[in-house]
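# Generate coordinates for the sequence data below:
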Amino acid sequence: MKKEVSLLLVMSVLFISLASATLSITQPLASYNFGDEIYLTVTLNPSSVSGSFEINVVCGNESANVYKIAPASSAFSVGQEQKINHQIILKKEFIGNLKGDCNVVASLGKEVVVSNKFVLTDEININVKTDKYSYDPAEAITLSLDAIKVNGVPLNGFVEVNGSQNFKKEIVDGNVSEIFRSAENAEAGKYDLTLFVYDSDENGILNQKIVYLSYEIKQVAKSIVISLPAIEANPGENFEFATDLYDQSGKTMSANLSALLLSPGEKDKKQFGVSSGTTSQISFLTNSTAGNYRLIVSLGTLAEEKTFVLKAVPKITMEFLENTSLLIVKNEGNAPFNNSLNISIGENTSETLFLNVLPGEERRFNLKAPNGMYNVKVSDGQETVEKQLLLTGSAIKISEYNGLSVLTRYPLIWAFIGIV
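From the prediction side, this is the model:
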């Protein structure tokens, strides 16, 4: 009885072995890009033949048939080893939209063999850069791009650049470079590029990737504008001016500027700082030199110049020396005073004194009159000084402080008016 059972078991194993087909498959690489090809060999040694023979690419829950023999009996014979060499073209027209983790599956009837897993992708590894980040306007910008497909093969394709620059260029053996420039008047700031990298065949795009790149255009001072309120300035007053600094695109900039004021003949120089976008002022003394002034505002090698005229204006001051009858006349202006003073002593006497007083010159006059208190007024036509003075003498008399009578020194420029 045991012999009968053992014999039956052996016969059963032999029958199953004879009824099973033996399938094996060569293994794919670890990764592929679209457009690649998988070369494989399926080895069969069938003990029986039924159904169909198929090779399918399976990615997740989706599959695509790439080879089929139906019925299998038309091509295969029992007990005869056969090899099927097949080339799988990884393009959409053959495998559709399959992508991701995939296997090749070969089957004969109910017998199945599955390959190792491989990755199918349209990804491209890209390294893109410019030779630096910040550039002057119109400076050469060098863009370099390296493109390697996931399968490790350098890309032969194209890059289309859009954004602040627009161009298309061929990628050869995974490399491409391009030199471009911004406009001379490009605004300062960050500029963005979008790069579409791809390869293709007659049916369209195979592999693709979009990457982004940025660079910066510096703000560079290009012009200084000086605004003057007038072409003439008055001594003794503040002369205001405004300075504006503009960049390459015409936008205002903030910066500290250097200002240089040159007097007529450049005898005097005054250097001071100003801020762009603000109003500054130059303070002139009443005796500052009259004539043409040069105002130069600069930033580095950039400079702008304006000229204006400081007027020639005499300025007479008149005062009485305390506790005396001495009249002091001084020209604190920047031009000779060649005019007259009107001097009133009391209510009935007025005299006109014609003078030529140089800038910085001081003249002193003694006032005399019959003993008594007098209201004395002195006027140059613009300003008047008035004071109660105790005068002494036998008659009204005006003399220079050096002792000479004004009538004696200037016999032709006095006019005496007596009012009764």
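# wait, what's in contact with Gly273?
With Cβ atoms under 8 Å, 6 or more residues apart in numbering as the criterion, the residues that contact Gly273 are 256-259. For glycine as for every other residue, the C-beta is placed from the backbone atoms N, C-alpha and C.
# Which of the residues you listed ranks first by neighbour count?
The most neighbours of any of the contacts of Gly273, using other Cβ atoms under 10 Å, belong to Leu257, which has 24 neighbours.
# got a list of contacts for the helix or strand harbouring it?
Taking DSSP states H and E as the criterion, the element that holds Leu257 is strand 256-262. The contact list for strand 256-262 (Cβ under 8 Å, 6+ apart) reads 224, 243, 245, 268-276, 280, 282, 293-299.
# got the residue ranges for the helices in the stretch 51-200 of the chain?
Along the stretch 51-200 of the chain, counting by DSSP state H, counting those that start in this stretch, helices occupy 92-95.
# Direction included, what does the strand holding Leu257 pair up with?
Each strand paired with strand 256-262, and its direction, by DSSP bridges: strand 269-275 (antiparallel), strand 291-299 (antiparallel).
# what about Lys129, distance to Ala259?
43 Å (Cβ to Cβ, to the nearest Å).
# Tell me the bridge partners for Met253.
Leu245.
# Now stretch 276-296: buried residues?
Neighbour-count burial for stretch 276-296, counted by 16 or more other Cβ atoms under 10 Å, picks out 276, 280, 282, 284, 286-290, 293, 295-296.
# From those, pick the one nearest Pro154.
Within the set of those, Ser276 lies nearest Pro154; the separation is 51.8 Å, counting by Cβ to Cβ.
# For the spatially closest residue to that closest one that is not a sequence neighbour, which residues are in contact?
What sits nearest to Ser276 in space, not counting adjacent residues and going by Cβ to Cβ, 6 or more residues apart in numbering, is Leu245, at 3.7 Å. Under the criterion of Cβ under 8 Å, 6+ apart, the contact list for Leu245 reads 221, 223-225, 252-255, 257, 276-277, 299.
# Give me the neighbour count for Met253.
By the measure other Cβ under 10 Å, the count of residues near Met253 is 19.
# So which of the buried residues of stretch 276-296 belong to helices?
Among the buried residues of stretch 276-296, no member falls in helices (criterion: DSSP state H).
# now, which of those sits nearest Met318?
Set against Met318, the nearest of the buried residues of stretch 276-296 by Cβ to Cβ is Thr286 (14.5 Å).
# Quick check: which element contains Ser50?
When the helices and strands are read off by DSSP H and E, none of them contains Ser50.
# how about the nearest residue to it, chain neighbours excluded?
The shortest distance from Ser50 to any residue other than its chain neighbours is 4.4 Å, reached at Gly109 (Cβ to Cβ, 6+ apart).
# pretty sure that neighbour contacts Pro71?
No. Under the criterion of Cβ atoms under 8 Å, Gly109 makes no contact with Pro71, lying 9.9 Å away.
# out of those two, which sits in the more crowded spot?
Relative neighbour count places Gly109 above the other of Gly109 and Pro71, with 17 against 13, counting by other Cβ under 10 Å.
# Just want the phi and psi numbers for the more buried one.
The main-chain torsion angles of Gly109 are listed as degrees, to the nearest 10 and equal phi 60, psi -120.
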